[in-house]
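In: Okay, predicted coordinates and the sequence, questions at the end:
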Amino acid sequence: MVLFFESTVVSPPVLLYMGRDKVENEDLIKYAIPERDVWVHVDKLSSAHVYLRMPAGWNWEEIPAAVLQDVAQLCKANSIQGNKLDNQTVIYTLATNLKKTGDMAVGAVSFHSDKQVRRIYVQTRDNAIVNRLNKTKKVLEIDHEADLVARLKEEGRVKRLQATERKNSDLEVARHRKKMAEAKSYDTLDKAQADPDEDEDDEAWARRTQKDGDFDPDEDFM
């Protein structure tokens, strides 16, 4: 079972979720969305593994402070020990930075890079935030594998659509350039036919354009 919440401090709301227990946490680690899911945990204490699913285009190091406070308060409230203590640190990182090896206990994780871990300081529990989040709570049974297949299918559809749009855009640019080149070629041809050669002197041009029977002012009369 997965617990879902909404952080409504931004619009549209941001999805927060966590497993009901440490066994569920294993699946969440495995099926988290790369580059979009941010893992959150109370530092050095047992707590729920809370995830923040960033909207497309978000940077995990530029998450709005109000959203970070929401997810930190939710994480602290779901720590048996941390919920009772003030002045706690909550850590977060991209889910792709989580490291899981076979010798680790169920639900335990480490990091590929400690430098990619950030911290939020939580002075005390904020009941207003926790209550607001709990009002949005939904508990759902998730088929993680089916969800993954559907997500990959949708991502493939979006990529194909974007590729088609890029191809059409490139074709339109090519057609426009061709029209511009043809227009320029016609303009050059029309100008060449309308104007005498600049390098041609007046006498040569006169001889070239003179028709049979035309009066030549320089011709001697007999």
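Out: Structure received.
In: Ramachandran coordinates for Gln73?
Out: phi -60, psi -40 (degrees, to the nearest 10).
In: Tell me the spacing between the spatially closest residue to it that is not a sequence neighbour and Val40.
Out: For Gln73, ignoring the flanking residues on the chain, the nearest one in space by CB to CB, 6 or more residues apart in numbering is Ile129 at 4.4 Å. From N, CA and C alone the C-beta is placed, and that goes for glycine too. Per CB to CB, to the nearest Å, Ile129 is found 14 Å from Val40.
In: before we move on, what about Arg166?
Out: 36 Å.
In: And those two? Which one has more around it.
Out: Shown here are Arg166 and Val40; by other CB atoms under 10 Å, Val40 has more neighbours (24 against 10).
In: quick one: which helix or strand includes that one?
Out: If you go by DSSP states H and E, Val40 is part of strand 37-42.
In: what's the answer for Asn131, then?
Out: Element membership for Asn131, per DSSP H and E: helix 127-134.
In: what's in contact with that helix?
Out: Outside helix 127-134, the residues within contact range by CB atoms under 8 Å, 6 or more residues apart in numbering are 5-8, 16, 69-70, 73-74, 77.
In: what helices or strands is whichever helix or strand comes after it leaning on?
Out: Note on helix 127-134: by DSSP H and E, the next helix or strand toward the C-terminus is strand 138-140. Applying 3 or more CB pairs under 8 Å, 6 or more residues apart in numbering; DSSP states H and E, we find strand 138-140 packed against strand 2-7.
In: Could you look up the SS state of the residue most central in space within the chain?
Out: What sits nearest the mean C-alpha location of the chain, by CA atoms, centre = their mean, is Gly57, with 3.7 Å. Using DSSP: H, G, I helix; E, B strand; the rest coil as the criterion, the local structure at Gly57 reads coil.
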